[in-house]
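Colleague: After the sequence you'll find the predicted model.
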Amino acid sequence: MLKSKIESLLFAATHPLSLKKLALLTKSSVAEAKQAIEELIKDYQQRGICLLKNGQSYQLATSPDNSKLVQDFLKEEITG
């Protein structure tokens, strides 16, 4: 359940969220939130999305393996 909550928060967030903030929002300990994040990182291996760590903050992003595809899609979306 904690992984699901963290995943939802990261999906909805417009910016990276710190481990401390994720723990606060999910009413869990920092250690529990960190364990859930580590599990999510493993879950996303070989998937179209990934979980990026920037310092002590985390953010969902598209997989680097699909960057060209996503760039082409976004370009088409913007230019029509």
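Modeller: Perfect, thanks for sending it.
Colleague: Strands of the protein, start to end?
Modeller: Assigned by DSSP state E, the strands in the chain fall at 17-18, 49-54, 57-62.
Colleague: Centre of the chain to stretch 3-22, how far?
Modeller: 7 Å (C-alpha atoms, centre = their mean, to the nearest Å).
Colleague: Show me which residues of it are buried.
Modeller: Neighbour counts over stretch 3-22 (16 or more other C-beta atoms under 10 Å) mark 3, 5-7, 9-10, 13, 16-17, 19, 21-22 as buried. C-beta: built from backbone N, CA, C; applies to glycine.
Colleague: Stretch 25-40 too?
Modeller: Of the residues in stretch 25-40, those buried (16+ other C-beta under 10 Å) are 26, 28, 33-34, 36-37, 40.
Colleague: Inside helices: which ones of these?
Modeller: Among these, the ones falling in helices (DSSP state H) are 26, 33-34, 36-37, 40.
Colleague: okay, those in a markdown table with pLDDT and distance to P64 next?
Modeller: As requested, those are exported to a markdown table (pLDDT from 0 to 100; distance: C-beta to C-beta, whole Å):
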| residue | pLDDT | distance to P64 |
| --- | --- | --- |
| T26 | 98 | 27 |
| A33 | 98 | 25 |
| K34 | 96 | 23 |
| A36 | 98 | 23 |
| I37 | 97 | 19 |
| L40 | 97 | 17 |
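Colleague: quick check, nearest of these to I49?
Modeller: Nearest to I49 among these, counting by C-beta to C-beta, is L40 at 10.0 Å.
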